[in-house]
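Visitor: 3D model of this:
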Amino acid sequence: RMQIMCKKLNLNYPNKPSKYVQCWNASWNVWRTVVWVYKIHGNEGYTIDASDIADDPWLQSLLGFSTEFEAYESRRKMVDFWLKKLFGLGFVRRVGWTKYEVINSQLKNFVPWQFIRFKQIILVTHRMS
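Guide: Sure thing, here's the model as predicted:
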């Protein structure tokens, strides 16, 4: 899966494996890249919702994650936390409690599995003001 997505995004394959996340039935690298490829990439102007992504039947069929409420809630929180970080980097704009509008899906010195530090968010947000 990761090789296909990296090829689609014209990215190098990650050089380090990432931790497996039970609620996604995938690693951190894979779930973030899957969400980027299928929900954010090329979708400028569209609204995405962390709750909908966490409960998406197509993503469930792709990754085979559990549909139990606890697993769903963990995925929703992970997606929302990640989208908040992407907001700080200028990729999305918050339009609701768990809803974001995609405003930039171009990968410039960013890869979906990259760890986003809080300092980066402050610097980017400061530059945007």
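Visitor: can we go C-alpha only for contacts and neighbour counts from here?
Guide: Will do.
Visitor: Okay, helices next: where are they in the chain?
Guide: For the chain, applying DSSP state H gives helices covering 2-9, 28-35, 50-54, 57-63, 69-88, 118-128.
Visitor: quick one: buried residues of the longest one?
Guide: Spelled out, that is helix 69-88. By neighbour count with 16 or more other C-alpha atoms under 10 Å, helix 69-88 contains the buried residues 71-76, 78-80, 82-88.
Visitor: That one versus helix 28-35: what angle between them?
Guide: 80 degrees (axes from the mean of the first three to the mean of the last three C-alpha atoms, to 10 degrees).
Visitor: on contacts alone, who are the packing partners of helix 69-88?
Guide: helix 50-54, strand 92-94, helix 118-128 (3 or more C-alpha pairs under 8 Å, 6 or more residues apart in numbering; DSSP states H and E).
Visitor: rank those by mean pLDDT and give me the bottom one.
Guide: Lowest mean pLDDT of these: helix 118-128, a mean of 45.
Visitor: Distance of Ser61 relative to Asn25?
Guide: Ser61 is 11 Å from Asn25, where distance means C-alpha to C-alpha, to the nearest Å.
Visitor: ugh, wrong one, Lys77
Guide: In terms of C-alpha to C-alpha, Lys77 sits 15 Å off from Asn25.
Visitor: so what's Val95 up against?
Guide: With C-alpha atoms under 8 Å, 6 or more residues apart in numbering as the criterion, the residues that contact Val95 are Glu101.
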